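1. Attaching a predicted model along with its sequence, questions to come.
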Protein chains: 2
Amino acid sequence: MSDTRFDVLGIGNAIVDVLAKTNEAFLIQEGLTKGSMRLIDEAEAERLYANMGPASEVSGGCAGNTVSGVASFGGRAAFIGRVKDDTLGKVFRHDINAFGVTYSTPPAPNGLATARSMILITPDGERTMNTFLGASTELTPAEIDADLIAASAITYLEGYLWDPPHAKDAFLKAAEIAHGAGRKVALTLSDSFCVDRFRDEFLKLIEDKTIDIVFANEAEAHALAQTADYETAQSFLKERTELAVITRGENGAEAMRNGEYALAPASKVNDIQDLTGAGDLFAAGFLYGLAKGYDLKVCLTLGNIAAAEVIAHVGARPQTSLKNLAEQAGLKLS
Amino acid sequence: MSDTRFDVLGIGNAIVDVLAKTNEAFLIQEGLTKGSMRLIDEAEAERLYANMGPASEVSGGCAGNTVSGVASFGGRAAFIGRVKDDTLGKVFRHDINAFGVTYSTPPAPNGLATARSMILITPDGERTMNTFLGASTELTPAEIDADLIAASAITYLEGYLWDPPHAKDAFLKAAEIAHGAGRKVALTLSDSFCVDRFRDEFLKLIEDKTIDIVFANEAEAHALAQTADYETAQSFLKERTELAVITRGENGAEAMRNGEYALAPASKVNDIQDLTGAGDLFAAGFLYGLAKGYDLKVCLTLGNIAAAEVIAHVGARPQTSLKNLAEQAGLKLS
């Protein structure tokens, strides 16, 4: 196996977040399910935007957030995802490049606008996402750069990629190239509603070993295993994957790999501002650690440090060097 | 004098802020003067953007921030300023409307893009602004809606309007209409570099009573009076204006009107994140109080409450209801 040029390559929907603080009453008025992500079309996006409060625009998208976090730890990160050649597309490109992430997917010259997700943040820090996928749906197997994938220790795919019709094929092509080059493929289940939409397909990906590493939170693990019992869900994932990582909010995170088990308590956050990106940044820390060969306990701790940073402010990407935070926590990173 | 439909009408450059955290080294590398605002052209805007870190886009502009704050206190606010009919222009319009501000200036269909200010925030919370005025320079007297001005108790103008060539005429037309309708005209000196650029013209505006109310911070007061002595600067303003309001950072703020004097200590802020908008939001609270007929001490206190809210987070507009904050501070607003 040749040397890697990248620790983590993320493939996902390239999205700009439109973040607005709101209250419970607005969610009720709009008939929205708190904490969920729903897909909307452009007309609904316009309607909701006109009704929602003042917002800020910040680059987002799960895999994009994750690779930005990897880069913030000092890792070598790359991204594949499609924007349009428009203002928000330029914003997305600038921001991910500014983190030091390699991003060379060409922007779509025509077609739908760059994806945006209107994220409504309630006073408890929970976020309710309303996503217009736009140009993200133009990601096709043609955008999958085989050299990039072969040069990346881990290719990280978001479950949300299953939503746009052609991205699915891009996803499978990427996994095949990665394995052909002797690399690992990771999947985040994204959210429990996404698991509900694609349970059988995700199970097949896991069972036929298209995926080596699975990230899930508790709700996603329950949804995948179709059980209300956590231990059942945990065993279900453990038995089917090479490496299963489950985040449990305030209860910390755990990882299971071939009989090996590790648990790390959540990092303390005094004032949770916005949960957007918590899972994405946890994955950033974990994957960075994994690519660098740290043991599972350290990988989990790196994940917790990154998640704690991102929920202490509005926006889903780090605003502080994660490398510095890890070092302040006593972890000496290579 | 007929009833007012608006407490405060702001006229200013319609700008979207591009906010990025940075460090002192980057300012030195770019040759930037910390705390200043410099005007740049589109090419320099592109160059700087490519070099700066990941950013968030948030609606800004001094007068736009101020009227958003007035609305957040429950005041009736309106805004005049020019954007282009582009993505950032739509963002600006959405955000100011979402605060409840009346904004009906038509977007420019052609010409320069919507104005943006790249604001670099150092760890001390200080901001260094790099502004491409773009479509703001298309504000002309034709955009001055006489009915709107006649219906507003106070028309608030930003000193920065003196930068775009035609806005100056719009400014003078607005002041004339306001006085013709028996209304008040306020000016913020914007920043000490702006005062340096236009000292003689600002002095003339003050001396010929085009302006009734002047807002300045210490540096601006010193620059206008061309003195290093604060008491000299204070007297200079007091003698020439109907109402002079001077903000002095941690030393609080003072107001002087026909022999009347009021001082209010600054509100305490534990963790200053970003000084962007501090002066704009101070003006919001003060003007709201003035339009509602509160005494000077209360006006200053409202200004301090609003400034304290905005410097505790990134972004130059309130993220919490200022009306609620004022009520929590024991002020019962009508």
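-> Now that the structure is in, tell me what you want to look at.

2. ok, which stretches of chain A are strands?
-> A:6-11, A:15-21, A:37-39, A:56-59, A:77-80, A:102-103, A:115-121, A:127-132, A:152-158, A:184-188, A:213-217, A:243-247, A:253-257, A:260-264 (DSSP state E).

3. Out of the ones you listed, which is closest to chain B?
-> Closest to chain B of the strands of chain A is strand A:56-59 (CB to the nearest CB; 4.0 Å). C-beta here means a position set from N, CA and C on the backbone, and glycine is covered the same way.

4. Kindly present the strands of chain A as JSON lines, with separate columns for mean pLDDT.
-> JSON lines is the format used below for these (pLDDT from 0 to 100):
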{"stretch": "strand A:6-11", "mean pLDDT": "98"}
{"stretch": "strand A:15-21", "mean pLDDT": "97"}
{"stretch": "strand A:37-39", "mean pLDDT": "94"}
{"stretch": "strand A:56-59", "mean pLDDT": "96"}
{"stretch": "strand A:77-80", "mean pLDDT": "98"}
{"stretch": "strand A:102-103", "mean pLDDT": "98"}
{"stretch": "strand A:115-121", "mean pLDDT": "97"}
{"stretch": "strand A:127-132", "mean pLDDT": "96"}
{"stretch": "strand A:152-158", "mean pLDDT": "98"}
{"stretch": "strand A:184-188", "mean pLDDT": "98"}
{"stretch": "strand A:213-217", "mean pLDDT": "98"}
{"stretch": "strand A:243-247", "mean pLDDT": "98"}
{"stretch": "strand A:253-257", "mean pLDDT": "98"}
{"stretch": "strand A:260-264", "mean pLDDT": "97"}
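
5. Kindly reformat those strands as CSV containing distance to chain B and mean neighbour count.
-> Shown next, in CSV, are these (distance: least, CB to the nearest CB, whole Å; neighbours: other CB atoms under 10 Å in any protein chain shown):
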stretch, distance to chain B, mean neighbour count
strand A:6-11, 15, 29
strand A:15-21, 6, 25
strand A:37-39, 20, 17
strand A:56-59, 4, 26
strand A:77-80, 13, 28
strand A:102-103, 12, 20
strand A:115-121, 10, 24
strand A:127-132, 14, 22
strand A:152-158, 19, 27
strand A:184-188, 21, 25
strand A:213-217, 23, 26
strand A:243-247, 24, 24
strand A:253-257, 25, 21
strand A:260-264, 27, 15
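
6. Quick check: which ranges of the stretch 151-300 of chain A have low pLDDT?
-> Scanning the stretch 151-300 of chain A for pLDDT under 70 picks out nothing.

7. Enumerate the residues of it near chain B.
-> Contact residues, the stretch 151-300 of chain A versus chain B (CB under 8 Å from any CB of the partner chain): none.

8. Looking at the stretch 151-300 of chain A, which residue is nearest chain B?
-> For the stretch 151-300 of chain A, CB to the nearest CB, closest residue to chain B: A:Q273, 8.8 Å.

9. quick one: that residue and A:V314 touch, right?
-> Yes. Judged on CB atoms under 8 Å, A:Q273 makes contact with A:V314 at a distance of 5.4 Å.

10. So the two - more neighbours on which side?
-> Neighbours were counted for A:Q273 and for A:V314 using other CB atoms under 10 Å in any protein chain shown; A:V314 has more, 25 against 17.

11. how close does the more buried one sit to A:G277?
-> A:V314 sits 10 Å away from A:G277, going by CB to CB, to the nearest Å.

12. what residue is smack in the middle of chain A?
-> A:C62 (2.9 Å; CA atoms, centre = their mean).

13. Quick check: that one vs chain B, distance?
-> Going from A:C62 to chain B by CB to the nearest CB, to the nearest Å gives 16 Å.

14. need the contact list for that residue.
-> Neighbouring residues of A:C62 by CB atoms under 8 Å, 6 or more residues apart in numbering or on different chains: A:12-13, A:158, A:160, A:188, A:190, A:279-280.

15. what's across from A:A255 in the sheet?
-> Beta-bridge pairing for A:A255 (DSSP bridges): A:V245, A:A262.

16. Go ahead and confirm it touches A:C299.
-> Yes. The criterion here is CB under 8 Å, and A:A255 meets it with A:C299 at 6.6 Å.

17. Touching both of those two, which residues are there?
-> With CB under 8 Å, 6+ apart, A:A255 and A:C299 have common neighbours A:262, A:286.

18. Quick check: which of the strands of chain A is nearest to B:D295?
-> For B:D295, the closest of the strands of chain A is strand A:15-21, at 32.4 Å, according to CB to CB.

19. Give me the packing partners of that closest one, helices and strands only.
-> Here strand A:15-21 touches strand A:56-59, helix A:87-98, strand A:115-121, going by 3 or more CB pairs under 8 Å, 6 or more residues apart in numbering or on different chains; DSSP states H and E.

20. want to try TSV for these, with distance to A:A216 as columns?
-> Shown next, in TSV, are the helices and strands packed on strand A:15-21 (distance: least, CB to CB, whole Å):
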stretch	distance to A:A216
strand A:56-59	25
helix A:87-98	25
strand A:115-121	21
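
21. Those: which one's closest to B:P107?
-> helix A:87-98 (14.3 Å).

22. Please compute how far that closest one lies from its chain's middle.
-> Offset of helix A:87-98 from its chain centre (CA atoms, centre = their mean, to the nearest Å): 17 Å.

23. Next, the angle strand A:6-11 makes with that helix.
-> Orientation of helix A:87-98 against strand A:6-11 (axes from the mean of the first three to the mean of the last three CA atoms, to 10 degrees) gives an angle of 170 degrees.

24. thinking again about what came up before, quick one: the residue nearest to the centre of chain A from A:N97, how far?
-> For A:C62 relative to A:N97 (CB to CB), the value is 18 Å.

25. May I ask you to confirm that A:S334 is in contact with A:K292?
-> Yes. Shown here, A:S334 and A:K292 form a contact pair, counting by CB under 8 Å, at 6.0 Å.

26. Neighbour count: the two, which is higher?
-> Neighbour tally, A:S334 and A:K292, criterion other CB under 10 Å: the higher count belongs to A:K292, 17 against 6.

27. and the closest residue in space to the residue nearest to the centre of chain A that isn't next to it in sequence, bridged to which residues?
-> Sequence neighbours aside, A:E158 is the residue nearest to A:C62 in space, at 4.3 Å (criterion: CB to CB, 6 or more residues apart in numbering or on different chains). Note on A:E158: beta-bridge partners A:T188, judged by DSSP bridges.

28. so what's A:E158 up against?
-> Taking CB under 8 Å, 6+ apart as the test, what A:E158 contacts is A:10-13, A:61-63, A:187-188, A:190.

29. Quick check: the farthest pair among those residues?
-> Using CB to CB, the pair of these lying farthest apart is A:G61 and A:L187, separated by 15.4 Å.

30. OK, contacts around A:E44?
-> A:130, A:132.

31. Apply 10 Å and report the result again.
-> For A:E44, the contact set (CB atoms under 10 Å, 6 or more residues apart in numbering or on different chains) comprises A:38, A:118, A:130, A:132.

32. same question, A:V185
-> A:149, A:154-157, A:171, A:174-179, A:205, A:209-213, A:242.

33. likewise A:D3?
-> Per CB under 10 Å, 6+ apart, neighbours of A:D3: A:151, A:153.

34. Look at it and report its pLDDT.
-> pLDDT recorded at A:D3 is 83.

35. Distance-wise, check it relative to A:I154.
-> 14 Å.

36. re earlier: didn't the residue of the stretch 151-300 of chain A closest to chain B look like it was pressed against A:E309?
-> No. Assessed by CB atoms under 10 Å, A:Q273 is found out of contact with A:E309, at 11.2 Å.

37. you'd agree A:T22 is up against A:L120?
-> Yes. Between A:T22 and A:L120 there is a contact at 4.4 Å, judged by CB under 10 Å.

38. hang on, the earlier thing: the contacts of A:V185 in helices, which ones?
-> A:149, A:171, A:174-179, A:205 (DSSP state H).

39. Now, of those, which are buried?
-> Neighbour-count burial (16 or more other CB atoms under 10 Å in any protein chain shown) applied to the ones in helices among the contacts of A:V185 gives A:149, A:171, A:174-175, A:177-179, A:205.

40. Nothing else from me, thank you.
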